[in-house]
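K.L.:
Model the following, please.
(one chain, ligands or ions: 1)
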Amino acid sequence: MRIGFIGGGNMATALISSLFASRHVVDQVQVADPNAEARAFLQKRWPVACYEQASDAIKGMDAIVLAVKPQVLSYVLDEIQDLVTDQQLIISIVAGIPTSKIAAHLNANPPIVRTMPNTPALIGLGITAMYARVNCSLAQRELSQNLMESAGEIVWLDKEKLLDVVTALSGSGPAYFYYLVECLRNAGTRLGLPADVAARLALHTAHGSSVMAVQSDTDVIELRQQVTTPGGTTQAAIETLNDGHFEQLIDSAITAATRRGQELAGDETDS
Ligand SMILES: NC(=O)c1ccc[n+]([C@@H]2O[C@H](COP(=O)([O-])OP(=O)(O)OC[C@H]3O[C@@H](n4cnc5c(N)ncnc54)[C@H](OP(=O)(O)O)[C@@H]3O)[C@@H](O)[C@H]2O)c1
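P.N.:
The predicted structure is shown next:
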């Protein structure tokens, strides 16, 4: 595969790193980034060709990955609008920008795959939701999947609008888990544990529980029940969470994040 990245920041670096570490054959990777330090960093670590201008990085590539911040995207699309061909696959990782907006900016009619990764992709443990417009061939879907899969798990969606829910759930999701760890840590400290001990207990409980749940065929409800002895300590905590309407609170939080994603996207998604 020959891939041109526009933007050589955190997410592009994570994908490039994972791609070269994966089993996939990588024929050519080119990156455009105005930042000389970012270019030097990438060229030092991987066999990539780096350019200052986006127009130089996309020539002859099978796929073009849009990996810039949302506020820079229009500028980038202006720069490449006459250069992209109908055969080049566009893979966008830009949060909240509908494929219709990208398509409207380009003169050709290239296939577009929109993705929503999350930050654990930086360590190869991300999960990315993907949506392909109808003009994407199977081979192009596979190419985009190979790229995103190298940084973790992937799921395909058949409705682009659902990416707003994904953004609320798994895109923002790491922050919710960090918040829970923070709350557990603070509670443990307030109840007398040394702060560093409370922090380690909270963090490693989160890590161990999530690895165990991922590796297990048992549903999380049952895993929770296995830890919850009737009349015991866990039940006392769960009942307190239920009394505080924990599940409804999480539901409201994800609904609020989804709504915010729709507002930011201008609610112009195709389907
Ligand atoms: N990080 C996440 O958790 C996450 C999750 C899901 C989706 N995303 C999406 O991924 C995209 C990239 O995020 P990131 O965290 O990788 O951002 P980032 O680290 O800021 O990377 C963006 C890079 O693009 C460069 N750039 C700016 N203008 C450019 C241009 N005209 N042509 C080429 N490159 C240009 C920036 O250079 P300068 O620094 O010099 O401006 C920067 O190196 C965003 O749209 C974000 O919404 C991120």
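K.L.:
and the gap between residue 260 and the ligand?
P.N.:
14 Å (CB to the nearest ligand atom, to the nearest Å). (Each C-beta comes from the backbone N, C-alpha and C, glycine too.)
K.L.:
Return the distance of the closest residue to that residue other than its chain neighbours relative to the ligand.
P.N.:
Excluding the flanking residues, the one nearest residue 260 by CB to CB, 6 or more residues apart in numbering is residue 168, at 7.8 Å. From residue 168 over to the ligand the distance is 12 Å, taken as CB to the nearest ligand atom.
K.L.:
give me every residue that touches residue 258.
P.N.:
164, 165, 167, 168 (CB atoms under 8 Å, 6 or more residues apart in numbering).
K.L.:
rewinding a little: any figure for the gap between the residue nearest to residue 260 and residue 224?
P.N.:
23 Å (CB to CB, to the nearest Å).
K.L.:
what's the answer for residue 193, then?
P.N.:
Using CB to CB, residue 193 is found at 23 Å from residue 224.
K.L.:
Which one of these two is surrounded by more residues?
P.N.:
residue 193 (16 against 13; other CB atoms under 10 Å).
K.L.:
need the contact list for that one.
P.N.:
residue 201.
K.L.:
tell me the secondary structure for it?
P.N.:
The local conformation at residue 193, judged by DSSP: H, G, I helix; E, B strand; the rest coil, is coil.
K.L.:
Give me the pLDDT value at it.
P.N.:
At residue 193, the pLDDT value in this model is 98.
K.L.:
Then residue 264?
P.N.:
The predicted local confidence for residue 264 is 82.
K.L.:
and it, that one's in a strand?
P.N.:
No: counting by three-state DSSP, residue 264 falls outside a strand, being helix.
K.L.:
What lies in contact with stretch 63-80?
P.N.:
For stretch 63-80, using CB under 8 Å, 6+ apart, the contacting residues are 1-9, 11-12, 15, 53-55, 58, 84, 88-97, 102, 105-106, 140, 143-144, 147, 264.
K.L.:
hmm, that stretch in reach of the ligand?
P.N.:
Yes: Stretch 63-80 reaches the ligand (CB under 6 Å from any ligand atom) through 67, 68, 69, 70, 72, 75, 76.
K.L.:
Tell me, how many residues neighbour the third one?
P.N.:
Using other CB under 10 Å, residue 69 has 11 other residues around it.
K.L.:
gap between it and residue 48?
P.N.:
For residue 69 relative to residue 48 (CB to CB), the value is 21 Å.
K.L.:
coming back round to it: okay but the residue nearest to residue 260 is in contact with residue 261, surely?
P.N.:
Yes: if you go by CB atoms under 8 Å, residue 168 and residue 261 touch, sitting 6.0 Å apart.
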